[in-house]
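Participant: Got a sequence here, can you model it:
(one chain, ligands or ions: 1)
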Amino acid sequence: MDVDSTTMTMAAALAIVAALLVSLPVLYRLLFAGAGDKTSKKAVPPGSFGLPVVGHTLSLLGALRSNTAEDWLRRRVAAYGPVSRLSLFGYRTAFLVGPAANKFLFTSPALTTMNTEAFRRMVGRRTVRDVVGDEHARVRAMMVQFLRLDAVKRYVAGMDAEVRRHLDAHWRGRGAVAVMPSMKSLTFDVMSTVLFGLGRDSAVRRELSAEFQQLVQGIWSVPLNLPFTRFSRCLAASRRGRRAVAAVIEERRAKLERGESSPADDIITHMLSKGLADEQITDNVMFLMVAAHDTSAALITFLLRHLDANKDAYAKVLHEQEEIARCKAAGEALSWEDLCKMRYTWAAAMETLRLVPPAFSMLRRALTDVEYGGYLIPKGWQVMYATNMTHWDLAIFPDPGRFDPARFEDPSAIPPYGFVPFGGGARICPGNEFSKVETLVAVHHIVTRFRWKLAAGCDGSFSRSPMPYPSQGLLIDIEPIQ
Ligand code: HEM
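Facilitator: Numbering: from 1, shown residues only. The predicted structure is shown next:
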């Protein structure tokens, strides 16, 4: 056994022992909170809660890391049907599958959003996802102000400049590039400039970028703050990130008070002007930084991977992008009108979101006893859907393993709640237009400037934590197009 695996084994053993110790309150809840099950007429969903305390958490996390989580979930569906029970992150959980289940999860007033404990401790407890009712509407509106279509249209030229700069600095003159780290850094830069007003020369931007690369690894980890655990490393990164964000808030407040800035300048100044408390601004900035950059980076990365493997689709994307490039003067930025012509490229991006959705699953919590599919979901239970259970549904997407952007040429052919990479209902991702523009701009410049193929030894496989991450970061050999 090498040092790494010894350390991992020790860490895992420590994690399990400590989980047993620190989880006594959870154990109590598991044993007694479900007492209502016995008196209720409807049965709770079939299945099992797995091992005491840890339930299915370690097993599912292991499956995610080995990219077998879909099979793991399919086995449950085969055994128990589309509504089943399991235990995750210390909560009794109803696992629901299918478009009707998605609709229920996204729209039922009996359910509220829920983040894992690890997420809450690293990102915050008062993020837009944690607040409900009027407060949710208020905080969400502050973000939407910067994410709605008319705002996003104004970012096209700025995104274009960031993409060009990134490719000049990190792709030009190189023989090989690891796509995922490159796209993470690009999407972090785009978001920092466009939404937070943290320019290229900002030291805080560089510091935050490093902390967030670490932090996102722990969103679905077991929240055990012990040496060697993934969670403790990510928590430390979160603390450093929060301190950096707090310093930016201070600086923005001073500028606002001196009349040197306007609420329209960036999201932080806007939130300050609306009277949001510092702690809540920090939580929401942390949330946005997590929500906005890894997701889009995964989309762009896996789109390039699928285009490499599907030469017909690649040829169509290239043709579409070359037609647009032909009408531009050298160095001229893309415009909103150009993006509107990128229909096939966006269909290919949606097909990528179908096959490799960045958000593996979303969680909700039952506020009251609620019924679904003939079963009782008791108050306090967690409710979970997994995006790919719908995206790989044969009845909606025949031959689901095949990469076929034509499926999205007529999006109205897809049943409601049949394609849910951005969620749905009142909580649907407000950043979907932002990520669309960012993706199209990045893909335009990559395909018109470079040819690529997977580097020797890079097989395009990936794991999840829970965000998908390709092996070797998707290492590709590149050559410039003259
Ligand atoms: C490919 C890129 C992206 C994907 C796949 C994605 C996916 C999602 C999903 C699945 C949700 C949860 C919906 C639910 O709980 O029902 C969500 C929420 C959210 N996303 Fe995104 N997202 C992406 C990009 C972005 C970007 C670029 C931003 C911001 C610039 C953003 C901001 C948010 C926010 C603020 C929420 C919380 C909404 C609420 O609770 O009201 N996302 N996203």
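Participant: Assign the nearest residue to T113 once chain neighbours are set aside to helix, strand or coil.
Facilitator: Distances taken as CB to CB, 6 or more residues apart in numbering put R129 closest to T113, at 4.9 Å, once the chain neighbours are dropped. Bear in mind the C-beta positions are built from the backbone N, C-alpha and C, glycine included. State at R129, reduced to three classes by DSSP: H, G, I helix; E, B strand; the rest coil: coil.
Participant: hang on, isn't R129 packed against F287?
Facilitator: Yes. The criterion here is CB atoms under 8 Å, and R129 meets it with F287 at 6.7 Å.
Participant: Can you pick out the residue with more neighbours from these two?
Facilitator: R129 (24 against 21; other CB atoms under 10 Å).
Participant: circling back to that earlier point, phi first, then psi, for the residue nearest to T113.
Facilitator: Backbone torsions of R129, given as degrees, to the nearest 10, read phi -80, psi -20.
Participant: Any figure for the gap between it and M143?
Facilitator: Relative to M143, R129 is positioned 11 Å away (criterion: CB to CB, to the nearest Å).
Participant: ok so, going back, if I pick the residue nearest to T113, what's in contact with it?
Facilitator: Residues near R129 by CB atoms under 8 Å, 6 or more residues apart in numbering: 113, 115, 287, 427.
Participant: and the longest helix along the chain, how far from the chain's centre?
Facilitator: Ordering each helix of the chain by length in residues (DSSP state H) puts helix 278-309 first. With CA atoms, centre = their mean, to the nearest Å as the basis, helix 278-309 stands 6 Å off its chain's centre.
Participant: can you tell if that helix touches the ligand?
Facilitator: Yes. Contact of helix 278-309 with the ligand (CB under 6 Å from any ligand atom) involves 288, 291-292, 295-296, 299.
Participant: In those, find the pair that's most separated.
Facilitator: L288 and L299 (16.8 Å; CB to CB).
Participant: between these two, which one's more packed in?
Facilitator: L299 (27 against 22).
Participant: gap between that one and L195?
Facilitator: 17 Å.
Participant: so where's the stretch 201-350 of the chain shaky on pLDDT?
Facilitator: Scanning the stretch 201-350 of the chain for pLDDT under 70 picks out nothing.
Participant: quick one: the helices in it?
Facilitator: 203-215, 230-257, 267-273, 278-309, 311-326, 336-340, 343-355 (DSSP state H, counting those that start in this stretch).
Participant: angle of the fifth one against helix 343-355?
Facilitator: Going back to what we said before, that points to helix 311-326. 140 degrees (axes from the mean of the first three to the mean of the last three CA atoms, to 10 degrees).
Participant: and what of the first one?
Facilitator: Taking the same axes, to 10 degrees, one finds helix 203-215 and helix 343-355 inclined to each other by 50 degrees.
Participant: and helix 203-215, anywhere near the ligand?
Facilitator: No. Using CB under 6 Å from any ligand atom, helix 203-215 stays clear of the ligand, with a minimum separation of 13.5 Å.
Participant: Quickly run through the sheet partners of whichever helix or strand E371 is part of, with directions.
Facilitator: Assigned by DSSP states H and E, E371 falls within strand 370-372. Counting by DSSP bridges, the strands paired with strand 370-372 are strand 375-377 (antiparallel).
Participant: Tell me the helix or strand right after the partner strand.
Facilitator: Past strand 375-377, the next helix or strand by DSSP H and E is strand 382-386.
Participant: What average pLDDT does that following strand get?
Facilitator: Averaged across strand 382-386, pLDDT comes to 96.
Participant: distance between it and the chain's centre?
Facilitator: For strand 382-386, the distance to the chain centre is 16 Å (CA atoms, centre = their mean).
Participant: Against which helices or strands is the very next helix or strand once past that strand packed?
Facilitator: Per DSSP H and E, the first helix or strand lying C-terminal to strand 382-386 is helix 387-391. Counting contacts by 3 or more CB pairs under 8 Å, 6 or more residues apart in numbering; DSSP states H and E, helix 387-391 packs against helix 69-80.
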